[in-house]
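Asks: build me a model:
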Amino acid sequence: DYDHDEVGYNFRITNIEAAVGCAQIERLGEFLKRKKEIAHRYNAELAPAIDAASIPSAQWGEGTYWLSGLVLPVRAGQKIGELCARLQKAGIGARPFWKPIHLQKPYLECPRTAMDTCERFWPTVLTLPCSTSLTDSEQTYVISTIIRVYNDFFKDEAES
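Replies: Presented below is the predicted three-dimensional model:
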């Protein structure tokens, strides 16, 4: 069942995984460029259409854009699971952001500082399809479908 009674780590990878990783490194520049294009398009076209914000980025450096997503308004964040279920039915692999580690069971009793920003932020993040193989036409479909489903979802909410 993979029940663990303590936190453990496994940093090993297989030789095949290492070979794939080495081959991917040769295309790193291409991958980073595509990830940035995808994120910027979501931020430019999708965020304003659903009144969402871009995921904040550090002012001191350039991100890798390994993950694309939007910060939804609080009212939408409160319903993110239902919204993602509707998007899944429409063929869009959008997901909620992962739960922070300090809220995970093995770490609940660990000492920590207040995490107010993190606890407000994570439940409102919608992660979006962002594979480097995502085509422009597929991203157009993702954007238009999310806008439609999002607007229908909140129209349905207002009517009930």
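
Asks: what's the single longest helix in this structure?
Replies: Assignment by DSSP state H gives helix 136-159 as the longest helix of the chain.

Asks: for that one, packing partners?
Replies: If you count contacts as 3 or more CB pairs under 8 Å, 6 or more residues apart in numbering; DSSP states H and E, helix 136-159 packs onto helix 28-41, helix 74-77, helix 80-89. C-beta: built from backbone N, CA, C; applies to glycine.

Asks: the ones you listed into a markdown table, with extra columns for mean pLDDT?
Replies: Listed next are the helices and strands packed on helix 136-159 as a markdown table, based on pLDDT from 0 to 100:
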| stretch | mean pLDDT |
| --- | --- |
| helix 28-41 | 96 |
| helix 74-77 | 82 |
| helix 80-89 | 94 |
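
Asks: columns distance to Gln59 on top of those, output as a markdown table?
Replies: Formatted as a markdown table, the helices and strands packed on helix 136-159 follow (distance: least, CB to CB, whole Å):
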| stretch | distance to Gln59 |
| --- | --- |
| helix 28-41 | 16 |
| helix 74-77 | 24 |
| helix 80-89 | 27 |
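
Asks: nearest the geometric middle of the protein, what residue?
Replies: Thr127 (2.3 Å; CA atoms, centre = their mean).

Asks: for Leu46, which non-adjacent residue is closest in space?
Replies: Counting by CB to CB, 6 or more residues apart in numbering, the nearest residue to Leu46 once its immediate chain neighbours are dropped is Ile143, at 4.9 Å.

Asks: ok, the one you found to Glu82 distance?
Replies: 20 Å (CB to CB, to the nearest Å).

Asks: and stretch 11-24, how far out from the chain middle?
Replies: Relative to its chain's centre, stretch 11-24 lies at 24 Å (CA atoms, centre = their mean, to the nearest Å).

Asks: got the contact list for it?
Replies: Contact with stretch 11-24 is made by Phe31, as judged by CB atoms under 8 Å, 6 or more residues apart in numbering.

Asks: the helix or strand that the residue nearest to the centre of the chain is a member of - what's its average pLDDT?
Replies: Assigned by DSSP states H and E, Thr127 belongs to strand 125-128. Per-residue pLDDT over strand 125-128 has a mean of 96.
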